[in-house]
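In: Quick one: sequence plus predicted model below, questions after.
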Amino acid sequence: MRPRLHAQPRRQAGGGDGDQHLARLRRPQHRAPAGAGARRALGAPGSRRPERQGRPAIRAWFRKLFPGKLPPTLEEADRAPLAAFQERLGYRFKDPALLLLALTHRSWAFQEGMEREASNERLEFLGDAVLGLAINVALVAEFPEENEGTLTKLKSLLASRVVLASVAGDLGLGAVLRLSANEEETGGRTRDSILADAFEAVLGAVYLDGGLLPARKLVASRVLARKEEFLADDSHRNFKSLLQERVQSVYKLPPRYRVEATWGPDHSKDFEVEVLVQGQVVGRGSGRSKKDAEQDAARAALARLGEGEAGFPELPPAATESGEFS
């Protein structure tokens, strides 16, 4: 039995008295607890039901994320490593099964004969949105005079794979990931793409477990607190965006990327990519993903461009055929 609210608004002529009356009505009014029924409703000592006020509906969230699925089982052997990780994270989960799910790579799910939904990919999707919101709110507050374009560049850098992988490395996230044997043998625990995705999944799990406030605190302490370091480090820059700006300013059309070679198993490929301007190769790069290889190729092309506003010395100053940049 829950205590009832007794708020019966009545219309009054005149603005001031009516506003004060409405303000009083917005404050909840409880009956004084009386008897065992009231004690149970309020979670008092000796009641049958535990206090649940303010606790998020974690299982309801899980059902929405994974309809018809059961949460992962937390084995006894997992408890100590997860407890140590939560200490480093600065957040203790009410439902550790959410954290275990966030640490489960799709390769482990496949290895165990499970569906892809048993991995952390949906939590990663959610965490990416939470990360973007937390960073955007912080940047808008810190840089009130900057325009949308500048804020977008800052956000892109702070949410980049390289930055998130660095944050995940500091947390020791790779050591607690659930990976397949083959993924582990090929260096999955230190691969930037896996670490960055796992950090986003953990952030999504924190949001589901505790709400937006602890999720924003995690982003503030682990990402935003190192903002100056990340901004000063060239390895965290978005080289594709920088190259596109330079090339478009000189040649009026964007650079083009093409994959020249791939090797390795389907779930763990390496890529070699070339970047072309006016049909000529101006940079080559490689990486564990197509995105990483394109960034590496763009970095090589920027190194050839050097400082200033000039173009590539071996190319004419402007595009001659629009089809070259398809």
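Out: Looks like it came in fine. Residues are numbered from 1 along each chain as shown.

In: The residue nearest to Ser286 when sequence neighbours are not counted and Arg288, how far apart?
Out: Leaving aside its sequence neighbours, Ser286 sits nearest to Glu272 (CB to CB, 6 or more residues apart in numbering; 4.8 Å). Every C-beta, even on glycine, is put in place using the N, C-alpha and C of the backbone. Distance, Glu272 to Arg288, using CB to CB, to the nearest Å: 12 Å.

In: Compare these two and say which is more crowded by neighbours.
Out: Between Glu272 and Arg288, counted using other CB atoms under 10 Å, the more crowded position is Arg288 (19 against 16).

In: pLDDT value on the more buried one, please?
Out: The confidence metric pLDDT takes the value 74 at Arg288.

In: Return the residues in contact with it.
Out: Contacts for Arg288 (CB atoms under 8 Å, 6 or more residues apart in numbering) come out as Arg191, Asp192, Ser193, Ser268, Lys269, Asp270, Phe271.

In: what about Leu164, how many neighbours?
Out: By other CB under 10 Å, 26 other residues sit near Leu164.

In: Shouldn't it be within a helix?
Out: Yes - applying DSSP: H, G, I helix; E, B strand; the rest coil, one finds Leu164 inside a helix.

In: what about the residue nearest to it when sequence neighbours are not counted, neighbour count?
Out: Excluding its sequence neighbours, the residue lying closest to Leu164 (CB to CB, 6+ apart) is Ala196, at 3.7 Å. Neighbour count for Ala196, taken as other CB under 10 Å: 23.

In: Look up which helix or strand Ala196 falls in, please.
Out: Per DSSP states H and E, Ala196 falls inside helix 192-210.

In: And that helix, what does it pack against?
Out: Helix 192-210 is packed against helix 58-65, helix 96-102, helix 121-142, helix 161-171, helix 212-222, with contacts defined by 3 or more CB pairs under 8 Å, 6 or more residues apart in numbering; DSSP states H and E.

In: coming back round to it: name the residues linked to the residue nearest to Ser286 by a beta bridge.
Out: Beta-bridge pairing for Glu272 (DSSP bridges): Ala261, Ser286.

In: Contact partners for it?
Out: When contacts are counted by CB under 8 Å, 6+ apart, Glu272 touches Val259, Glu260, Ala261, Thr262, Arg284, Gly285, Ser286, Ala293.

In: By neighbours, which of those residues wins?
Out: Result: Ala293 is most packed of those (other CB under 10 Å), 25 neighbours.

In: if we look at the helix or strand in which Arg284 is found, which residues are touching it?
Out: Per DSSP H and E: Arg284 is located in strand 280-287. Outside of strand 280-287, the residues within contact range by CB under 8 Å, 6+ apart are 243, 255, 260, 270-276, 292-304, 312, 314-315.

In: so Met114 sits in a strand?
Out: No - membership of Met114 in a strand is not supported by three-state DSSP, which gives coil.

In: give me the number of residues near it?
Out: Look at Met114: counted by other CB under 10 Å, it has 15 neighbours.

In: Next, it: phi, psi?
Out: phi -100, psi 170 (degrees, to the nearest 10).

In: The next helix or strand after the strand holding Arg284 - contacts with which helices or strands?
Out: Toward the C-terminus, strand 280-287 is succeeded by helix 290-305 as the next helix or strand (DSSP H and E). Contact partners of helix 290-305 among helices and strands, from 3+ CB pairs under 8 Å, 6+ apart: helix 239-251, strand 256-263, strand 270-277, strand 280-287.

In: same thing but at 10 Å, please
Out: The contact analysis (3 or more CB pairs under 10 Å, 6 or more residues apart in numbering; DSSP states H and E) places helix 290-305 against helix 161-171, helix 192-210, helix 239-251, strand 256-263, strand 270-277, strand 280-287.

In: which one of these lies closest to Asp95?
Out: Across those, Asp95 has its closest neighbour in helix 192-210 (5.8 Å, CB to CB).

In: With just CA atoms, put that closest one into CSV.
Out: Output of helix 192-210 as CSV, limited to C-alpha atoms (Å, rounded to 0.1, in the frame of the first residue of the first chain):
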residue,chain,number,x,y,z
ASP,A,192,42.5,0.5,-31.0
SER,A,193,39.2,-0.3,-32.7
ILE,A,194,38.2,-3.0,-30.1
LEU,A,195,39.3,-0.8,-27.1
ALA,A,196,37.5,2.3,-28.3
ASP,A,197,34.3,0.3,-29.1
ALA,A,198,34.5,-1.4,-25.7
PHE,A,199,34.8,2.0,-23.9
GLU,A,200,31.7,3.2,-25.6
ALA,A,201,29.9,0.0,-24.5
VAL,A,202,31.0,0.5,-20.9
LEU,A,203,29.7,4.1,-21.0
GLY,A,204,26.4,2.8,-22.4
ALA,A,205,26.2,0.3,-19.5
VAL,A,206,27.0,3.0,-17.0
TYR,A,207,24.1,5.1,-18.4
LEU,A,208,21.7,2.2,-18.2
ASP,A,209,22.8,1.2,-14.7
GLY,A,210,23.0,4.7,-13.1
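
In: Since that was my last question, I'll sign off now.
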